[in-house]
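*Asks:* Just to be clear, the model below is a prediction. Sequence and coordinates:
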2 protein chains.
Amino acid sequence: MSPLPTVLDVGRVAGVSRQTVSNVLNSPELVRPATREKVEAAIAELGYRPHASARRLRTQKSSTLGIRLDPMTNGISGSLLDRFLHALTEQADRRGLRVMLFTATDPDDEIRQFARLRDGADVDGFVLTATFHEDPRTEWLIEHDVPFVTFGRPWGIDDMNDPRHLWVDVDGHSGLRDATRHLLASGAENVAYLGWPSPSGTGDDRRRGWREAMEARGVLSAAQLDALQAETIDDVQGARDAIRSLIATGVRIDAVACASDSLALGVLLEVGPTIAVVGYDNTPVAGAIGLSSIEQPLDEVAAGALDLLLGDGGRGIVGWTSSSADTRHRLVTPHLVPRERTAIAGAAG
Amino acid sequence: MSPLPTVLDVGRVAGVSRQTVSNVLNSPELVRPATREKVEAAIAELGYRPHASARRLRTQKSSTLGIRLDPMTNGISGSLLDRFLHALTEQADRRGLRVMLFTATDPDDEIRQFARLRDGADVDGFVLTATFHEDPRTEWLIEHDVPFVTFGRPWGIDDMNDPRHLWVDVDGHSGLRDATRHLLASGAENVAYLGWPSPSGTGDDRRRGWREAMEARGVLSAAQLDALQAETIDDVQGARDAIRSLIATGVRIDAVACASDSLALGVLLEVGPTIAVVGYDNTPVAGAIGLSSIEQPLDEVAAGALDLLLGDGGRGIVGWTSSSADTRHRLVTPHLVPRERTAIAGAAG
DNA sequence: CCATCCGATTGGATCGATCAAGCCTTCCGA
DNA sequence: TCGGAAGGCTTGATCGATCCAATCGGATGG
C-alpha cells in the first residue's frame, strides 16, 4: 500500500498549494468557493485524512480529552460511569474530539497523571467525575490553567460560583421530588427516605428533594418526617439493615424513595413486594427486576460538559474564558422511569 | 509559565546534544553510564517530558490503542466491559500505552472508524470485544495489516488458528465444569443448565463444560441430560419463562448452572431459594444478592492481550509477526466465587 | 494610465522528536 | 608507527501540518 496522502499530494491533484488545502480544512471562508470545491474533490479522490499528530505538533493542541476510569468498587451503580463514558465518547466524536482513558490510585496520583498527559500534549483538557469537597484535583487544574469540566457540582461554599470551575450536574433534588410525588400520587401517604450519611453534597441534595415534596403535601409534621428517614452507606446489605431498623421503630411506611438503586434493591429484598420503592440511576438491575427508578439523562450531561469546555466559539478547548454564567455550568433534569414491579413479587410467592 | 522544555534544553543543561538525550530515553545502552546520569539529572531538574505528538509524527507510531465502547444494550453484564476497560487501561499504562475510545453504530461503521483512527495516526492498533462468526471487522483489519487482538475467540472453523488473528479468551468450558462440579459436590444430583440458543460459540462452549461434568459424574443418561437443559436469550424475563417451562416438564431439578448472571437472576426470581444456582461473570448484582458466580480474570485477559499485541520484543505494537503458537493466543481460566445465597431467601420469607 | 488596495494564494520557517550519516577518540594488532 | 575498527557523541534532514509574511491578480480611484 502506498504511503498516506499529505496536503502536498492533495494540492498537487487539485492544482493548488498545500496551504490552500490547509485553509479549506481550517478556514474555509478564506478560500474561494470554486477553489474549495476542487480541493474537496481531490481530498475525496485520494481519501486524504489529516495526520493528527502532525497537526497537534504544530498547533500544540490534541483535540483529545482525558477521563479517569475509576476502580469502580461501588457495585451496582458502576454501570452509570459506563453509560456516561459512552455518551461522552459519542458527543465528543460529533465535535471532532477524542476521549482518552487513564487510571489513578488516588487523587494525588491522578494529579500526576494530569501533568503527564498534558505535558506530553496527549490531551487538552479533562472531564472529572465524582468530585468532592475541597477537591485537590480541581485546585491543581485551576492553578495550572488546564481546561476541565466536572460531572458533579463543587460542593464547597464559594466553589460553586467560581468562574474558573465549569460543571454539569443532574438535579437530584428535582429527581427525588418527582419520585416522591409519584409515590404520593399512587396512594402512599407515608413515604420514607433512605439515603446516605450527611454531609454528602449529592446525598443531601436528594434528601431535600424528598423533604420538599413531603412538606408540600402538608400531611406530616417535621418531626414525623425526621422519623421517616434513614441513612446508610451505598450498599445492599446496609440498606437491608437500615430499613429493618426503621421498621422496628414502629413508624408506618407506605413507600420508600431511595438515593440509589443499590439501596432500593436492599429495601426490596428486605420487605418484598409489600410496599412501593423508587430507586435512582435506572441501572440495568432496576430494569431486570422491574424497579421504578430515576434516570439521569447522560447524553445531555455529556453534551453540556463538552459545550462548556469548547466555549461559544466552538473552535477548540478553551476552558473557562467565557464569561456569562450560563456558559459556566449546567443543571440537567432527570426523569422517572416508572415500572410495574413484578419480579421480586414472584420470588416471594 | 515558561514553555515546556525540549530535548534541546535538556541537552544544554546536561552539556550534550539533543540526540544523546533522545538516546538516553530510547536506547540507553548506546550511552555511557556517566553521560546517562548527567542527562537523567537534567531531565529531573527541568521536569522534562517527551512531547508525545512530536514523537508520533517522527516515528509514525502513536503508542495508543483504540477500543470501541459498545452501546451496552445487554443489561446486567454491561459492567463486564467496564471492568475489562479498567484492567486494560491499567495494564496498558504499565507498558507505556494509552487507550482511546470510539463508538460505532454497526460493524461497517466500526470499520470506517478503524480507517479514520489509523489514517490519522491516532492509534496503532485495536482491541476488539464481542467477536462473532465471520466477523467482517477482523477480516478488514487483517487485510489492511492493522495490528489487533480480540477478547473472544474467532469461532469460525479455521479462524481460530489463523496466525494473523491474535486472541485472548476465557475458558468458559472450564468455568461451567467447575460450577457444575461445585453444585454436584454440594449435594445436588440433577444439575440443570440454562444457556443461550445454539449456535453461539461462547454459549456452546459453556454448555459443553456443564455436560462434561455431568457425564463424568456418570449418573444420568444422555437423554436425561438433554432433558435438563434449556435455552433463552440473555434476559431476566426470558430466564424466568425458560426455567418455568423446564420445571413444567416434570423433570427433577436440584440446582441450575447458568451461562450468565442475568439468567441466574431470572432463575432465582422464579424459583426462590429452594434450589442452588450458579451464575457467570460475577457481576455486581451477584455480589449484591449473594449469588455464586464464575469470575473472569480480566486483569489476566488484558495483560495477555497486550503481551500478544506487543510481541516478544516488547518494543511497540507489532501485531501478528510472532510465530510461535503460544504467542498468538491465550486462554485464561476463570474461577468460581462461592457465596451463601441469603438475599433472595429474605425476599421470599 | 498609473498608483493603490484588497482578497486569494503561495513559499519559507517552524513545532519537537528521531533517523541516518558523519566525526572524533581510543584502542588494538600488524 | 600506522591502518582500521568500534564506541560515543554530534550535526543535517525529516515526519505532516500550520503560522507568517510575502506575492499575485484584478478591481478601483485619482
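*Replies:* Nice, I can see it.
*Asks:* what does the stretch 51-200 of chain A have sitting close to DNA strand C?
*Replies:* A:54, A:57-58, A:60 (CB under 7 Å from any atom of the strand). In short, each C-beta sits where N, CA and C put it, glycine included.
*Asks:* any idea how far residue A:128 lies from residue A:166?
*Replies:* 10 Å (CB to CB, to the nearest Å).
*Asks:* can you confirm residue A:118 is in a helix?
*Replies:* Yes. Assessed with DSSP: H, G, I helix; E, B strand; the rest coil, residue A:118 lies in a helix.
*Asks:* how many neighbours does it have?
*Replies:* 22 (other CB atoms under 10 Å in any protein chain shown).
*Asks:* and if you look at the one 5 residues further on?
*Replies:* Summarising burial for residue A:123: neighbours were counted as other CB under 10 Å, giving 29.
*Asks:* Over stretch A:171-191, what's the mean pLDDT, rounded is fine.
*Replies:* For stretch A:171-191, mean pLDDT is 94.
*Asks:* err, stretch A:242-258, not the other one
*Replies:* Mean pLDDT, stretch A:242-258: 94.
*Asks:* In the stretch 51-200 of chain A, where is pLDDT below threshold?
*Replies:* The model of the stretch 51-200 of chain A has pLDDT under 70 over residues A:71-78, A:157-161.
*Asks:* show me where it has helices.
*Replies:* Taking DSSP state H, counting those that start in this stretch as the test, the helices found in the stretch 51-200 of chain A are A:52-59, A:78-94, A:107-119, A:136-143, A:172-185.
*Asks:* Of those helices, which is nearest DNA strand D?
*Replies:* Nearest to DNA strand D among the helices of the stretch 51-200 of chain A is helix A:52-59; the distance by CB to the nearest atom of the strand comes to 3.4 Å.
*Asks:* what's the angle from that closest one to helix B:107-119?
*Replies:* Angle, helix A:52-59 to helix B:107-119, by axes from the mean of the first three to the mean of the last three CA atoms, to 10 degrees: 50 degrees.
*Asks:* What residues of helix A:52-59 count as buried?
*Replies:* Buried residues in helix A:52-59, counted by 16 or more other CB atoms under 10 Å in any protein chain shown: A:52-57.
*Asks:* now swap in stretch A:212-227 and tell me
*Replies:* Result for stretch A:212-227 [16+ other CB under 10 Å]: buried residues A:212-214, A:220, A:225, A:227.
*Asks:* one step back: turn the helices of the stretch 51-200 of chain A into CSV, including distance to residue B:40.
*Replies:* Listed next are those as CSV, based on distance: least, CB to CB, whole Å:
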stretch, distance to residue B:40
helix A:52-59, 25
helix A:78-94, 37
helix A:107-119, 17
helix A:136-143, 26
helix A:172-185, 50
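*Asks:* For residue B:81, which of those helices is the nearest?
*Replies:* helix A:78-94 (7.3 Å; CB to CB).
*Asks:* Could you tell me the angle between that closest one and helix B:107-119?
*Replies:* Here the directions of helix A:78-94 and helix B:107-119 differ by 70 degrees (the same axes, to 10 degrees).
*Asks:* could you dump helix A:78-94 to PDB, C-alpha only?
*Replies:* Taking Å, rounded to 0.1, in the frame of the first residue of the first chain, the C-alpha atoms of helix A:78-94 are listed here in PDB:
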ATOM      1  CA  GLY A  78     -20.900   1.100  38.300                       C
ATOM      2  CA  SER A  79     -22.700   1.000  35.000                       C
ATOM      3  CA  LEU A  80     -23.500   4.600  35.400                       C
ATOM      4  CA  LEU A  81     -20.000   5.800  34.600                       C
ATOM      5  CA  ASP A  82     -20.000   3.300  31.800                       C
ATOM      6  CA  ARG A  83     -23.000   4.900  30.200                       C
ATOM      7  CA  PHE A  84     -21.600   8.300  30.800                       C
ATOM      8  CA  LEU A  85     -18.400   7.300  29.100                       C
ATOM      9  CA  HIS A  86     -20.400   6.100  26.100                       C
ATOM     10  CA  ALA A  87     -22.400   9.300  25.900                       C
ATOM     11  CA  LEU A  88     -19.300  11.400  26.200                       C
ATOM     12  CA  THR A  89     -17.400   9.500  23.500                       C
ATOM     13  CA  GLU A  90     -20.300   9.800  21.100                       C
ATOM     14  CA  GLN A  91     -20.800  13.500  21.800                       C
ATOM     15  CA  ALA A  92     -17.100  14.200  21.600                       C
ATOM     16  CA  ASP A  93     -16.900  12.500  18.300                       C
ATOM     17  CA  ARG A  94     -19.600  14.800  16.900                       C
END
